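Participant: Give me coordinates for this.
(2 chains)
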Amino acid sequence: MAVPNFAFEIAHRDGGSMARCGVLCTPHGKVHTPNFVFCGTKGAMKSISTLDLAATEAEIILANTYHLMLQPGADIVALNGGLHKMMRWNGPMLTDSGGFQIFSLGHGGVANEIKGRRNFSSHCNKTLLKITEDGAIFRSYVDGAKHMLTPEMSMQVQKKLGADLILAFDECTPFHVSRDYTANSMERSHRWELRSLAEFGKFADGTQALYGIVHGGIYEDLRRESANFVAGNDFFGQAIGGSLGETREQMHEIVAMACGFVDRSRPTHLLGIGGIADIWNGVKYGIDTFDCVHPTRLARHGGALCAPFSNAGKEFMNINNAAFRCDTAPIDDSCDCYCCKNFSRSYIHHLFRARETLGGQLLTVHNARFMVRLMATIRQSIENGTFLGACEAWALR
RNA sequence: GGUGGGAUAUCCAAGUGGCUAAAGGAAGCAGACUGUAAAUCUGUCGAGUUUCACUCUUCAAGCGUUCGAAUCGCUUUCCCACCA
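Facilitator: Below is the predicted model:
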């Protein structure tokens, strides 16, 4: 587990919960934990440049193996000197293994199944052709061409992409499947993770560290088994993945349950979660890093993140609402971001109504800065020993 | 002055005898968004009520034909085109 150039140091532990804060060291710098990983799936942050994102003091971003292997291809990224250089992001970076996309796009919009949503009319068609012991055969979302991705290939692609933290290749099981399917899928993911580890070992040169992924869906015994499996193998860190249930409340319970089983000495990531209350809940049970498209997607859709206690319990305001037409206040007068320092709600409301893309860009800046400040607030509360009180104030819904 | 064409809900625009409170857009109002095929998607969108149902008033205005009209006829008003 000791990986050259990488370290995870826990500096403070909360007395009343499993929350902790510390530092995750990578060859491209430090990540102060708990922290949030911003999503730049296709090698680009949507609606914001890496320069502007860096200005929010975001510390780490993520890109995706699945998207980049299909377009422009790992070799083109390598030709550009790797993801860091290509994107002009000199900080820590993570890549997802591609497992999630293959399976979420695969069943025709099962991202929604994984999240427990049944009735989702999407434009997605089935692109997952077959799962074999070797890997997954699927159609490219770009041009329909047939592709295969195996644990070995995912590792090789992620090597070329060059992120600091990389994820083992796994199968992401949907929510609405049987317990047997979840158990079998988990076991296959474990075999794939072992192969990921073996392949990773062939070229490990201290520039990258590998995370294992804890599966098991909503089943306690499976989560325990999966956490033990990951803990028993030489992964630098671990991520909690797979189905987290049907509702937000259930997700909180499963995160709490799964966190109880993991190796607490390793950095622990919660995949795909990023609501304000969800983050407080995750931290409470020992999660160190989160990633989610929520803050940036919400911004493009007109949602400006705000503290629930100052917004009638809601985690964001919809700037499209008529109430903001004449509201000359900034989104958040306590926020120091470029958006809040310079523009009114009324103006941003207008930008969205007029379909000016600047609106989404400004809210992306705000939401990114909001998340950065939120994580800093969380870390500070852990250091001060005020975590549970702060959690109570922030996560009440 | 003459001859054609047209007037449909906030706007644009289908519909030319019953299945029409009236297709589609747009605007408006709201909701969703959580390992990004999302700067996207969904609902609502004449009025009213006891709102998963019922009632009322609509297709420029009036009169008429018909069991029944936004749809057919006549008159009026206003627009547009061409001819004088």
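Participant: what's the helix or strand for A:Ala391?
Facilitator: Residue A:391: Cys, not Ala. Secondary structure from DSSP states H and E places A:Cys391 in helix A:387-395.
Participant: hmm, which helix or strand of chain A has the shakiest average pLDDT?
Facilitator: One helix or strand of chain A scores below all others by mean pLDDT, DSSP states H and E: helix A:111-114, with a mean of 54.
Participant: Downstream of it, the next helix or strand is which one?
Facilitator: Following helix A:111-114 in sequence, per DSSP H and E, is strand A:128-131.
Participant: Give the next helix or strand downstream of that following strand.
Facilitator: Downstream of strand A:128-131 (by DSSP H and E), the next one is strand A:136-139.
Participant: next one: the helix or strand following that next one to chain centre, how far?
Facilitator: Using DSSP H and E, the helix or strand that follows strand A:136-139 in sequence is strand A:146-149. Strand A:146-149 has its C-alpha centroid displaced from the chain centroid by 24 Å (C-alpha atoms, centre = their mean, to the nearest Å).
Participant: mind listing what's buried in strand A:146-149?
Facilitator: A:147, A:149 (16 or more other C-beta atoms under 10 Å). C-beta here means a position set from N, CA and C on the backbone, and glycine is covered the same way.
Participant: Contacts only, for A:Gly242.
Facilitator: A:114, A:170, A:172-173, A:182, A:186, A:213-217 (C-beta atoms under 8 Å, 6 or more residues apart in numbering).
Participant: Next, it: phi, psi?
Facilitator: phi 70, psi -170 (degrees, to the nearest 10).
Participant: By proximity to RNA strand B, which residue of the stretch 201-350 of chain A wins?
Facilitator: Here the residue of the stretch 201-350 of chain A nearest RNA strand B is A:Gly272; by C-beta to the nearest atom of the strand that distance is 2.3 Å.
Participant: now that residue, nearest residue through space, not along the chain?
Facilitator: A:Cys292 (5.9 Å; C-beta to C-beta, 6 or more residues apart in numbering).
Participant: hey, where'd the helices end up in the stretch 201-350 of chain A?
Facilitator: A:220-231, A:248-259, A:276-284, A:294-300, A:338-342, A:345-353 (DSSP state H, counting those that start in this stretch).
Participant: coming back round to it: show me what the helix holding A:Cys391 is packed up against.
Facilitator: In terms of contacts (3 or more C-beta pairs under 8 Å, 6 or more residues apart in numbering; DSSP states H and E), helix A:387-395 is packed against helix A:276-284, helix A:358-384.
Participant: Pull the contacting residues for the residue of chain A positioned farthest from its centre.
Facilitator: Most distant from the centre of chain A: A:Cys326, at 35.7 Å, with distances by C-alpha atoms, centre = their mean. With contacts defined as C-beta under 8 Å, 6+ apart, A:Cys326 is in contact with A:Ser346.
Participant: Try it again at 10 Å.
Facilitator: Counting by C-beta atoms under 10 Å, 6 or more residues apart in numbering, A:Cys326 touches A:344-346, A:349.
Participant: hmm, back to that, pretty sure the residue of the stretch 201-350 of chain A closest to RNA strand B sits against A:Gly99.
Facilitator: No: look at A:Gly272 against A:Gly99 with C-beta atoms under 10 Å: they stay out of range, at 11.9 Å.
Participant: Can you check which residues contact both of the two?
Facilitator: Counting by C-beta under 10 Å, 6+ apart, the common neighbours of A:Gly272 and A:Gly99 are A:172, A:241.
Participant: Quick one: end-to-end length of stretch A:73-83, please.
Facilitator: Using C-alpha to C-alpha, to the nearest Å, one end of stretch A:73-83 lies 12 Å from the other.
Participant: what about it and RNA strand B, touching?
Facilitator: No: applying C-beta under 7 Å from any atom of the strand, one finds stretch A:73-83 separated from RNA strand B by no less than 13.7 Å.
Participant: Can you tell me what sits against that stretch?
Facilitator: A:40, A:43, A:61-63, A:65, A:68-69, A:72, A:85-87, A:89, A:93, A:95, A:153, A:156-164, A:207.
Participant: Let's see that with 7 Å instead.
Facilitator: Identification of contacts with stretch A:73-83 by C-beta atoms under 7 Å, 6 or more residues apart in numbering yields A:43, A:63, A:68, A:86, A:93, A:157, A:160-163.
Participant: Not counting sequence-adjacent ones, nearest residue to whatever residue of the stretch 101-250 of chain A ends up closest to RNA strand B?
Facilitator: Distances between the stretch 101-250 of chain A and RNA strand B by C-beta to the nearest atom of the strand are smallest at A:Cys172, namely 3.0 Å. Closest residue to A:Cys172 apart from its sequence neighbours, by C-beta to C-beta, 6+ apart: A:Phe103 at 4.3 Å.
Participant: Contact residues of the stretch 251-397 of chain A facing RNA strand B?
Facilitator: Proximity of the stretch 251-397 of chain A to RNA strand B, by C-beta under 7 Å from any atom of the strand, involves residues A:271-275, A:278, A:291-294, A:296-298, A:300-303, A:316, A:318, A:320-323, A:325, A:353, A:355, A:357, A:360.
Participant: Give the buried subset of these as a ChimeraX selection command.
Facilitator: Buried subset of those, written as a ChimeraX selection, criterion 16+ other C-beta under 10 Å:
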select /A:271,272,273,274,275,278,291,292,293,294,296,297,298,300,302,303,316,320,360
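Participant: Just give me the neighbour total for the residue nearest to A:Cys172.
Facilitator: 25 (other C-beta atoms under 10 Å).
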